[in-house]
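Undergrad: Sequence and predicted structure, then a few things I'm wondering about:
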Amino acid sequence: MDLVVDVPVAVRIDESARSDLLEDPGEGVEDTYGLTLAGYTHICQVSRSDKHVTLTARSRTTKELVRIRVYALECLRRSASLRDRVERSVLVGRMAQHPRIVRGFPAFVSRSDLFVVEEHCIGGDLLTAVKSKCRCGAAGMSPAKKSPCMSTCFPMDFVRSVMRDVTCALHYLHNTCGVAHRGIKLESIFLDGSGRAKLGHLSSCAAVRASRGDDKSLTLHLCCAPQHYVAPEVVLSKSYDGELVDVWAAGVVLFVLLTCRFPFVRDSSGHTPDRANVEDDKLQFLRDVCCADDLLSAHPALARVPDPLAVDLVRNMLRVSCKSRLTVEEVLQHPFLT
């Protein structure tokens, strides 16, 4: 009997089990923000959303910089979906021990907040790097508003290094941890001080193996990818192989690194930004994703990429047919990365 599941990689954390993951902050030190950070010195606030606050802090023991996401416990109690995402992130972050994956550290709780701690990548995320490198702005949140760049976005050695790092991280998640990432995007890839890539944002991970060492992949159903990174089988609301969906999303990242634009976004400079045009653009985008083979065979942005091996790799990572799409192992063995 085939198993069809789409659940967290470990059992949900109920109140009695939380002590296995969360450390008591003890007395700690209260900073100027009124937060008690056990074992850490608060440096600055990075961002704030309606779900959490992100801080940069330094370990008082190792002097290492970390990122801390602070969630109100009351908010977690009210939102099962948020609680699920946080649990996935903490569990996979602690389980995954790989140099190309952002490290997770022990989380801790206060009377009112949950503190999720992970490695700080001083180079920031890849989206910030792309926006800085590409003056056209094409790889940002509204990539079609300006003309595409006339050259590759980054040096080929950098592109090769990032893709090798990301693919190695995916191979480890798939084969050692038994999970698919399902959230590959520019914002989930971080750069360390030497420019090497690390994969983070593990909150969408889902099991793709019934047990460790099992060769049979489990089928997934929920759509987790942002629009620009969504694979054709997900667009068509089919059950999907999480590993191949990760390859597709990584292929989109590669396309952006090579061209400074997303692959399936058309120039909409003549459009009036009304609801009808937004819906039309979305439908056209989804159609283009499902016709990726034809579109990429003659994509003008790829014609400007100087390395034919890079073009071959991105086209084969973005194959519509899952049977024709490269696996993670095949991506690692591709001549562009070797």
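TA: In hand now; what should we look at?
Undergrad: from here on, contacts and neighbour counts on C-alpha atoms
TA: OK.
Undergrad: Return the residues in contact with Leu254.
TA: Remark: with contacts taken as CA atoms under 8 Å, 6 or more residues apart in numbering, Leu254 is in contact with Val159, Met163, Val314.
Undergrad: isn't the last one right next to Gly251, touching?
TA: Yes. Taking contacts as CA atoms under 8 Å, Val314 lies within contact range of Gly251: 5.4 Å.
Undergrad: more neighbours, the two?
TA: Gly251 (26 against 23; other CA atoms under 10 Å).
Undergrad: So the more buried one sits against Val320, correct?
TA: No. Gly251 lies out of contact with Val320 (CA under 8 Å); the separation is 11.8 Å.
Undergrad: And the average pLDDT for the helix or strand containing Gly251 is what?
TA: Secondary structure assignment for Gly251, by DSSP states H and E: helix 242-259. Helix 242-259 shows a mean pLDDT of 96.
Undergrad: try stretch 51-68
TA: On average, stretch 51-68 scores 93.
Undergrad: Ok, stretch 311-319 next?
TA: 98.
Undergrad: Report how far apart the opening and closing residues of stretch 97-108 are.
TA: Terminal residues of stretch 97-108 are spaced 20 Å apart (CA to CA, to the nearest Å).
Undergrad: How about stretch 224-237?
TA: 12 Å.
Undergrad: What residues of that stretch count as buried?
TA: Residues Cys224, Ala225, His228, Tyr229, Val230, Ala231, Pro232, Glu233, Val234 are the ones in stretch 224-237 that count as buried (16 or more other CA atoms under 10 Å).
Undergrad: what's the spacing between the last one and Phe262?
TA: Counting by CA to CA, the separation of Val234 from Phe262 is 18 Å.
Undergrad: Please apply the same query to the first one.
TA: Relative to Phe262, Cys224 is positioned 18 Å away (criterion: CA to CA).
Undergrad: what's the answer for the second one, then?
TA: Look at Ala225 and Phe262: by CA to CA, they are 14 Å apart.
Undergrad: likewise Ser204?
TA: For Ser204, the distance to Phe262 equals 22 Å [CA to CA].
Undergrad: Next: Val166.
TA: Taking CA to CA, one finds Val166 at 18 Å from Phe262.
Undergrad: what's the answer for Arg111, then?
TA: From Arg111 to Phe262 the distance is 44 Å (CA to CA).
Undergrad: So for those two, which sits in the more crowded spot?
TA: Phe262 (25 against 9).
Undergrad: is it true that the more buried one touches Ala249?
TA: No. Between Phe262 and Ala249 there is no contact under CA under 8 Å: 11.2 Å.
Undergrad: Same list, the contacts of Leu254, but as JSON lines with secondary structure and distance to Pro300 please.
TA: Shown next, in JSON lines, are the contacts of Leu254 (DSSP: H, G, I helix; E, B strand; the rest coil; distance: CA to CA, whole Å):
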{"residue": "Val159", "secondary structure": "helix", "distance to Pro300": "19"}
{"residue": "Met163", "secondary structure": "helix", "distance to Pro300": "22"}
{"residue": "Val314", "secondary structure": "helix", "distance to Pro300": "14"}
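Undergrad: Just give me the closest of these to Leu76.
TA: Among the contacts of Leu254, Met163 lies closest to Leu76 (CA to CA), at 34.7 Å.
Undergrad: Show the contacting residues for the closest one.
TA: With CA under 8 Å, 6+ apart, Met163 has these contacts: Ala250, Leu254, Leu337.
Undergrad: show me where pLDDT drops low in this structure?
TA: Applying pLDDT under 70 to the chain flags residues 1-36, 135-152, 209-217, 267-279.
Undergrad: Let's see that with 80 instead.
TA: Scanning the chain for pLDDT under 80 picks out the ranges 1-38, 134-153, 209-219, 221-226, 266-282.
Undergrad: can you give me the helices for it?
TA: In order along the chain, the chain carries the following helices (DSSP state H): 73-78, 80-95, 126-133, 156-172, 232-235, 242-259, 275-290, 292-297, 300-303, 308-317, 328-333.
Undergrad: In CSV: those helices, plus distance to Phe190.
TA: Compiled in CSV, the helices of the chain are given as follows (distance: least, CA to CA, whole Å):
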stretch, distance to Phe190
helix 73-78, 26
helix 80-95, 15
helix 126-133, 6
helix 156-172, 10
helix 232-235, 26
helix 242-259, 13
helix 275-290, 26
helix 292-297, 27
helix 300-303, 25
helix 308-317, 20
helix 328-333, 20
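Undergrad: Return the most buried member of those.
TA: helix 242-259 (a mean of 26; mean count of other CA atoms under 10 Å).
Undergrad: separation between Asp113 and Ala107?
TA: For Asp113, the distance to Ala107 - CA to CA - is 11 Å.
Undergrad: Thr338 too?
TA: Distance from Thr338 to Ala107, by CA to CA: 38 Å.
Undergrad: Name the residue in those two with the higher neighbour count.
TA: Applying other CA under 10 Å to Thr338 and Ala107 shows that Ala107 carries more neighbours, namely 20 against 9.
Undergrad: Against Val234, how distant is the more buried one?
TA: From Ala107 to Val234 the distance is 33 Å (CA to CA).
Undergrad: Where do the domain boundaries of the chain fall?
TA: As recorded under automatic domain parsing, the domains making up the chain are 18-119, 126-333.
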